[in-house]
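*Asks:* structure for this input, please:
(chains A, B, C and D)
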Number of protein chains: 2
Amino acid sequence: MLKYILLGFLNYQPATGYELKQRMDSSTTHFWHAKLSQIYITLKALEEDGSLTSTLEAQADRPDKRIYTITPQGQADLHQWLAQPEMALSPKKETLVLKLFFSAQLDPQAILTQLRLQRELHNQQLAYYRDVSPQIIQQAADDFPMLAKDAALWEATRRFGEKYEALYVSWLDETIQLVEGQFH
Amino acid sequence: MLKYILLGFLNYQPATGYELKQRMDSSTTHFWHAKLSQIYITLKALEEDGSLTSTLEAQADRPDKRIYTITPQGQADLHQWLAQPEMALSPKKETLVLKLFFSAQLDPQAILTQLRLQRELHNQQLAYYRDVSPQIIQQAADDFPMLAKDAALWEATRRFGEKYEALYVSWLDETIQLVEGQFH
DNA sequence: CGCACCATGTAATGCGTTACATGATTTT
DNA sequence: AAAATCATGTAACGCATTACATGGTGCG
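*Replies:* Next comes the predicted model:
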């Protein structure tokens, strides 16, 4: 899957692994993330099977850069993946919900500590989607007017994140009340 | 993580790998899932490090069963994990949202096919949380009155699922409208 | 003086999936 | 007659994480 994210970004313009990581961190990271080491490995594999080419650019002060460019084959791969409908739900892995499921014998105070901490984290994430993400998207749309359609879709993914975090916070509030109620 | 789910279920009562898979499929599967093969591997590892013990039970008609029982050490491991607060957000991996992010150059009809199919899937899942899950939880609570507190937490995780799927469907509706609007 | 940033990679390990292998009983 | 259920496991592969390894520049 990481494969297609890299192709997706490189379909806009050539970039290094390091830059790709930065772009991911400021956009897709909330619905798909990766470590730098894995990015380098995947880029190498993509070059081997002909989806990318790379050139080394020497730099005076800084370490050399390896700049990757998408090939027509890479573009075809990307397009094929994008057009192929997802036939299943994305499997979820939600650690907090899982823990709660098995927490009946845990001290209610310990459960509440869990829930309140996560409430704080999700609230921060919600603020990020509300206050930071829109600026990033707006900036890109302003800088590159030809990306208007792209920006509209990025905005749709941002709204997904915002709704999701708002839901999470409201569910935590309701669940905190439930557990608090078990004292009385 | 699978490790703790198995310990969590075995903390109620001994069971075979096959039974654990069934329990997972009728409860945690929507926020944590696993394949049978991986369950067998993990059970073996848990026995090796002393969290579980197992006995082989011969059966006349059916294949032999290996029944796992949690040890005090396993209970301690489980408790320690449950009590340890989650300091980070669970990383999300949402393929559909990811695809949408990169779909600007895709034929709008292809995007809509994606979105409508997923709407159908999430709507089914929503119906499951509304109509099927409550019965499973109610059944367990009726059969074992001492699990009242457990059932209250299971119900909380069910509500999370229901809210999540409702959100997903409503986001898809709004996103379908957005993409449809791009024709005019 | 230490930390963050730039920039790339390898090695070891862990976790998960898919495919393979077996085989009787029960349901459709 | 075919498919599902019961029941366990191994082997190969893929993907991801963590730790290791290097080293210069710029900022506080």
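*Asks:* in chain A, where is pLDDT below threshold?
*Replies:* A:60-62, A:183-184 (pLDDT under 70).
*Asks:* that one: strands as residue ranges?
*Replies:* A:52-57, A:65-70 (DSSP state E).
*Asks:* including distance to DNA strand D and mean neighbour count, could these go into CSV?
*Replies:* Placement of C-beta: from N, CA and C, glycine included. Formatted as CSV, the strands of chain A follow (distance: least, C-beta to the nearest atom of the strand, whole Å; neighbours: other C-beta atoms under 10 Å in any protein chain shown):
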stretch, distance to DNA strand D, mean neighbour count
strand A:52-57, 15, 14
strand A:65-70, 11, 19
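*Asks:* make a markdown table out of these and add distance to DNA strand C.
*Replies:* Converted to a markdown table, the strands of chain A look like this (distance: least, C-beta to the nearest atom of the strand, whole Å):
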| stretch | distance to DNA strand C |
| --- | --- |
| strand A:52-57 | 8 |
| strand A:65-70 | 4 |
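*Asks:* tell me the spacing between A:Arg119 and chain B.
*Replies:* 11 Å (C-beta to the nearest C-beta, to the nearest Å).
*Asks:* and the gap between that residue and DNA strand D?
*Replies:* 23 Å (C-beta to the nearest atom of the strand, to the nearest Å).
*Asks:* show me the domain layout of chain A.
*Replies:* Listed domain ranges for chain A are A:2-83, A:95-181 (source: automatic domain parsing).
*Asks:* related to what we said a few turns ago, now tabulate the strands of chain A in TSV and tack on distance to A:Leu98.
*Replies:* Shown next, in TSV, are the strands of chain A (distance: least, C-beta to C-beta, whole Å):
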stretch	distance to A:Leu98
strand A:52-57	38
strand A:65-70	38
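*Asks:* out of the ones you listed, nearest to B:Leu98?
*Replies:* strand A:65-70 (17.4 Å; C-beta to C-beta).
*Asks:* now for that closest one, which elements pack on it?
*Replies:* helix A:2-10, helix A:17-25, helix A:36-48, strand A:52-57 (3 or more C-beta pairs under 8 Å, 6 or more residues apart in numbering or on different chains; DSSP states H and E).
*Asks:* leaving out chain neighbours, which residue sits closest to A:Trp154?
*Replies:* Leaving aside its sequence neighbours, A:Trp154 sits nearest to A:Ile137 (C-beta to C-beta, 6 or more residues apart in numbering or on different chains; 4.9 Å).
*Asks:* give the contact list for the residue most central in space within chain A.
*Replies:* Nearest to the geometric centre of chain A sits A:Thr29, at 2.1 Å (C-alpha atoms, centre = their mean). Listed by C-beta atoms under 8 Å, 6 or more residues apart in numbering or on different chains, A:Thr29 has no contact partners.
*Asks:* now the angle from the longest helix that chain A contains to helix B:148-181?
*Replies:* Assignment by DSSP state H gives helix A:148-181 as the longest helix of chain A. Angle, helix A:148-181 to helix B:148-181, by axes from the mean of the first three to the mean of the last three C-alpha atoms, to 10 degrees: 160 degrees.
*Asks:* for chain A, what lies in contact range of DNA strand C?
*Replies:* A:16-19, A:22, A:36-37, A:40-41, A:43-44, A:59, A:62-67, A:91 (C-beta under 7 Å from any atom of the strand).
*Asks:* can you turn the buried part of those residues into a PyMOL selection?
*Replies:* Of those, the buried ones go into a single PyMOL selection, burial set by 16 or more other C-beta atoms under 10 Å in any protein chain shown:
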select buried, chain A and resi 16+17+19+40+43+65+66+67
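*Asks:* count the residues that sit near the closest residue to A:Gln118 other than its chain neighbours.
*Replies:* Nearest non-adjacent residue to A:Gln118, counting by C-beta to C-beta, 6+ apart: A:Leu96, 5.3 Å away. With neighbours defined by other C-beta atoms under 10 Å in any protein chain shown, the count for A:Leu96 comes to 23.
*Asks:* surely A:Leu96 is in contact with B:Met87?
*Replies:* No: A:Leu96 is beyond contact range of B:Met87, at 11.0 Å (criterion: C-beta atoms under 8 Å).
*Asks:* what's near enough to touch A:His122?
*Replies:* Going by C-beta under 8 Å, 6+ apart, the list of residues near A:His122 reads A:165, A:168-169, A:172, B:89.
*Asks:* ranking by neighbours, what's the top pick from these?
*Replies:* Ranked by neighbours (other C-beta under 10 Å), these are led by A:Tyr168, which has 26 neighbours.
*Asks:* quick one: it from DNA strand C, how far?
*Replies:* 22 Å.
*Asks:* contacting residues for A:Asp107?
*Replies:* With C-beta under 8 Å, 6+ apart, A:Asp107 has these contacts: B:Ala83.
*Asks:* the same query, at a cut-off of 7 Å, please.
*Replies:* Applying C-beta atoms under 7 Å, 6 or more residues apart in numbering or on different chains to A:Asp107 gives no contacts.
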